[in-house]
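Participant: sequence-free structure coming up:
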């Protein structure tokens, strides 16, 4: 008759079977994938939130600067190919603040009213953050993108780009018209949003801009 101690020694000598080892390894890999995916989503969410907060701050700066300097400040949102992200299509990846200085003399005689002078360099969104080009999420984009510009622009440091712009004016108003039932919005989200544009990611950050006062809020 075998005692419990002898049965325990026998089990210890037998060890684990190959199937048991494979099962443990599979469970470990699945848990690692879940952990990595959750960490990545959390990091993306932080990048998107940081980009939204910075954009809201810079839009407020544009409004305040327009009033303080008694000039028009233009904010351009740029659509371009960014080597820093894995996308085969151009994306809205950054923006820039520019002061509109009036032109006097011969140049004004041929119809040029002002020239854009950059206040800051191009500001890129964090990580893989992009601004949605769908009017459902970014109503400001609709019908405002200028024709594609070929060649490099030293002021923004990119080649071949498009952009749309809004203006903040000295009297505290903007160039936006009353939006009707849909507010003027800009939405930021992860790059993977491009693969499934009909699905709204949980990490999305939406900014609303008041057309009359230029006030910005995140919701």
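Facilitator: That came through fine. All figures in this text were calculated on a predicted structure; none of them were measured in a lab. Numbering: from 1, shown residues only.
Participant: contacts and neighbour counts: CA atoms only from here.
Facilitator: Noted.
Participant: can you tell me the centre-most residue of the protein?
Facilitator: Nearest to the geometric centre of the chain sits residue 130, at 3.2 Å (Cα atoms, centre = their mean).
Participant: quick check: phi and psi at residue 125.
Facilitator: Dihedral pair for residue 125: phi -70, psi 150, per degrees, to the nearest 10.
Participant: nope, residue 119 is what I meant
Facilitator: phi -90, psi -30.
Participant: give me the contacts around stretch 138-156.
Facilitator: 96, 118, 121-122, 131-135, 158-165, 182-187 (Cα atoms under 8 Å, 6 or more residues apart in numbering).
Participant: so for it, what's the average pLDDT?
Facilitator: For stretch 138-156, the mean pLDDT works out to 84.
Participant: what's the answer for stretch 62-70, then?
Facilitator: Across stretch 62-70, the per-residue pLDDT values average to 95.
Participant: so residue 100, which of the three states?
Facilitator: strand (DSSP: H, G, I helix; E, B strand; the rest coil).
Participant: OK, contacts around it?
Facilitator: Applying Cα under 8 Å, 6+ apart to residue 100 gives the contacts 71, 72, 73, 74, 114, 115, 116, 117.
Participant: the residues you listed in strands, which ones?
Facilitator: Judged by DSSP state E, the contacts of residue 100 include 72, 73, 74, 114, 115, 116, 117 as members of strands.
Participant: now, of the contacts of residue 100, which are buried?
Facilitator: Neighbour counting by 16 or more other Cα atoms under 10 Å classes 71, 72, 73, 74 among these as buried.
Participant: and which of the residues you listed is nearest residue 60?
Facilitator: residue 73 (11.0 Å; Cα to Cα).
Participant: do a quick rundown of the helices in this structure.
Facilitator: 4-14, 18-69, 106-109 (DSSP state H).
Participant: check which helices and strands the second one sits against.
Facilitator: When you say that, I think you mean helix 18-69. The contact analysis (3 or more Cα pairs under 8 Å, 6 or more residues apart in numbering; DSSP states H and E) places helix 18-69 against strand 72-80, strand 129-131, strand 158-168, strand 184-190, strand 205-209, strand 216-218.
Participant: now distance to residue 64 too, for those strands, in JSON lines please.
Facilitator: JSON lines is the format used below for those (distance: least, Cα to Cα, whole Å):
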{"stretch": "strand 72-80", "distance to residue 64": "9"}
{"stretch": "strand 129-131", "distance to residue 64": "24"}
{"stretch": "strand 158-168", "distance to residue 64": "9"}
{"stretch": "strand 184-190", "distance to residue 64": "19"}
{"stretch": "strand 205-209", "distance to residue 64": "14"}
{"stretch": "strand 216-218", "distance to residue 64": "12"}
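Participant: which of the ones you listed sits closest to residue 174?
Facilitator: strand 158-168 (4.6 Å).
Participant: next, count neighbours for the residue nearest to residue 160 when sequence neighbours are not counted.
Facilitator: For residue 160, ignoring the flanking residues on the chain, the nearest one in space by Cα to Cα, 6 or more residues apart in numbering is residue 150 at 4.5 Å. Residues lying near residue 150 (other Cα atoms under 10 Å) number 10.
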